[in-house]
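Enquirer: Fold the stuff below for me.
(2 chains)
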Amino acid sequence: MALQNANPVIHERKATRRQRPSIGDESAAEEIDALEVFDILFLGLDRIWPRDIRDPEHPYSLEQLNVLAEEGIEVDDKQSYVRVTFTPTVQHCSMATLIGLCIRVKLMHSLPPRFKVDIRVAPGSHSTAAAVNKQLNDKERVVAAMENPYLAQTVRDCLAPPEEYE
Amino acid sequence: MEAIQELEGHTDRVWSVAWNPVASSSNRSVLASCGGDKTVRIWEGDCSDSSSSSSSSSWSCKAVIDSFKRTVRSCHWSPDGKLLATACFDGIGAVWEDVGGDYECVATLEGHENEMKSIAWSASGTLLATCGRDKSVWIWEMEAENDFQTVSVLNGHSQDVKTVLFHPTEDILVSSSYDNSIKVWAPDPNGDDWSCVQTLAEPNQGHSSTVWSVAFDADGKRMVSCSDDLLLVVWDTSTNPLESSWLSFIILLPLIFKFCLFRKHLCTLSGYHERTIYSVHWSRRSGLIASAAGDDAIRVFAEANDPSYTSRAVFSMVGKQQKAHSTDVNCVRWHPKDDDILASAGDDGLVKLWRILS
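Expert: All right, here's what the predicted structure looks like:
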């Protein structure tokens, strides 16, 4: 398979993750902020890229490729609303829908059900942005995709916990 | 609005509910629901009963159909209330009959390539329409008892088709799609095939995103559609598209464009909904319109007191139930006989019954 992007621009990984305040009381535990959503996503999503690009020379994470950054995550805990904006590395990236589907599934499994989630590619970052966004935000199509054994397995592989990942 | 019952049983999101039009009366009602747990449930009870504890409630789940392989997206009772049609994501439509409390599959409709999303009976109960992700709309006819033959496979939509619905009195079919359009289909003059007679889309004041559902008023003179663009649009459907396309076509071509096509749009209800509107239903009896949306709310709209169809129609919101479900509301259906009662289905796995307080 030809590489989607043979020479990706690599961004520096943030040296240290911000320290999470220790969760003491119940009310603090229930509050969700952008950093938490970011952590939820990076638990699994980082591995989509090296896995599917199948290039041992470029085992970069989504963060290093600047596909997903903390700035792209907006959280309104009071309104129970999350918006994730990601940036495919190339205009015609055919992986965009899969990355978006992984983001949605990961958040669906990790966030309390009260949250409404919108997912989109960054404006101007994709040649068929409107079509990708529409598909990612149609819950009927997402459900149908996840009932497809092949797609469901692909997403599961992408989101597998680190110890299951070789 | 007041919640009168919560029907618990589904283990995943409930996509759709349907009242049995014949078996439902003011003191005993039958309701079918279906969803992501790959089941159909048949509920029975008394709508005047609002006891909240499940032990004293008259409502109970009378039957569970669990032989589906995938999500059951929609269900619809035949006009005589004897048969229940279901649309499943495995691409197969099925017709079920109540045999002494158990539901037996009496016919299957196979032909769609993948997910079937909606199924609907015609007013006469002799036709079924189905649609799905393969962008096609199929029309089936019951030739002998429970023997369905394909009448027509209609390709016209450019994306998956979300809903099909027959006109309440005539053999006219409406479909709505992910391609943002609504299409009106009618039989050809010789009656052996169907074709698209009109497309309601953005240029003639249609929707700018997925049209999730449509509903007719009691006599089919008007139709309402709901969409991901957060709008409800009311359409004038009093002109028979069959007459306009075949009879008037030759003689009155300029007039069709002027009066038939462009006078279809009656009004747009904007500014009410905050997220995708998944379902809309027009009460046959009270004339109220109910909507269900991804903002967890159910809203009820009434027409201002001007019954004349020719003047501009005006609707306003007369009721709103915030947090009707703890998650998205996927479907609303008015009771066929009791115009105060509304059923809803949500992503929280619940079916709820509501009484509209005047």
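Enquirer: all helices for the chain, in order.
Expert: Here I'm looking at chain A. Assigned by DSSP state H, the helices in chain A fall at A:26-30, A:34-44, A:48-53, A:96-110, A:129-136, A:139-146, A:149-159.
Enquirer: wrong chain, I was asking about chain B
Expert: Counting by DSSP H, the helices of chain B are B:241-242, B:248-251, B:253-255.
Enquirer: For those, which has the smallest mean pLDDT value?
Expert: The weakest mean pLDDT among the helices of chain B belongs to helix B:253-255, with a mean of 46.
Enquirer: got a list of what A:T97 touches?
Expert: A:V132, A:Q135, A:L136 (C-beta atoms under 8 Å, 6 or more residues apart in numbering or on different chains). For every residue, glycine as well, the C-beta is placed using N, CA and C.
Enquirer: ok, the residue nearest to the first one when sequence neighbours are not counted - how many residues close by?
Expert: Nearest residue to A:V132, sequence neighbours excluded (C-beta to C-beta, 6 or more residues apart in numbering or on different chains): A:A96, at 5.1 Å. Number of residues near A:A96 (other C-beta atoms under 10 Å in any protein chain shown) recorded here: 28.
Enquirer: now do B:Q149
Expert: 11.
Enquirer: Just give the nearest non-adjacent residue to it, would you?
Expert: Per C-beta to C-beta, 6+ apart, closest to B:Q149 is B:E143, 5.2 Å.
Enquirer: circling back to that earlier point, JSON lines for the helices of chain A, including mean pLDDT?
Expert: As requested, the helices of chain A are exported to JSON lines (pLDDT from 0 to 100):
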{"stretch": "helix A:26-30", "mean pLDDT": "51"}
{"stretch": "helix A:34-44", "mean pLDDT": "78"}
{"stretch": "helix A:48-53", "mean pLDDT": "53"}
{"stretch": "helix A:96-110", "mean pLDDT": "90"}
{"stretch": "helix A:129-136", "mean pLDDT": "95"}
{"stretch": "helix A:139-146", "mean pLDDT": "96"}
{"stretch": "helix A:149-159", "mean pLDDT": "87"}
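Enquirer: Tell me which residues touch the nearest residue to B:C34 once chain neighbours are set aside, please.
Expert: Excluding the flanking residues, the one nearest B:C34 by C-beta to C-beta, 6+ apart is B:V72, at 3.7 Å. Applying C-beta under 8 Å, 6+ apart to B:V72 gives the contacts B:W15, B:S16, B:C34, B:G35, B:K38, B:T39, B:V40, B:T86, B:A87, B:C88, B:F89.
Enquirer: Could you list the contact residues of chain A toward chain B?
Expert: Within chain A, the positions near chain B by C-beta under 8 Å from any C-beta of the partner chain are A:P113, A:R114, A:K116, A:K134, A:N137, A:D138, A:K139, A:E140, A:R141, A:V143, A:A144, A:E147.
Enquirer: neighbours around the closest residue to the second one other than its chain neighbours, how many?
Expert: I take that to be A:R114. Excluding the flanking residues, the one nearest A:R114 by C-beta to C-beta, 6+ apart is A:S80, at 4.4 Å. When neighbours are counted by other C-beta under 10 Å, A:S80 registers 16.
Enquirer: ok, now B:D98?
Expert: 18.
Enquirer: Distance of it relative to B:R333?
Expert: 19 Å (C-beta to C-beta, to the nearest Å).
Enquirer: B:S16 pairs with what?
Expert: B:C34 (DSSP bridges).
Enquirer: got a list of what B:S48 touches?
Expert: B:S26, B:N27.
Enquirer: how much space between it and B:I4?
Expert: Taking C-beta to C-beta, one finds B:S48 at 9 Å from B:I4.
Enquirer: ok, back up a step: is the residue nearest to A:R114 in contact with A:P113, as I believe?
Expert: No - counting by C-beta atoms under 8 Å, A:S80 sits too far from A:P113 to count as a contact (9.3 Å).
Enquirer: anything in contact with each of those two?
Expert: Common neighbours of A:S80 and A:P113 (C-beta under 8 Å, 6+ apart) do not exist.
Enquirer: Nearest to chain A: which residue in the stretch 101-250 of chain B?
Expert: B:E115 (5.0 Å; C-beta to the nearest C-beta).
Enquirer: my read: that residue touches B:T130, true?
Expert: No - in this structure, B:E115 is not within contact of B:T130 by C-beta under 8 Å, at 11.0 Å.
Enquirer: Confidence-wise, which helix or strand of chain B is lowest on average?
Expert: helix B:253-255 (a mean of 46; mean pLDDT, DSSP states H and E).
Enquirer: Buried ones in stretch A:83-90, by neighbour count?
Expert: Neighbour-count burial for stretch A:83-90 flags A:V84, A:T85, A:F86, A:T87, A:P88, A:T89, A:V90 (criterion: 16 or more other C-beta atoms under 10 Å in any protein chain shown).
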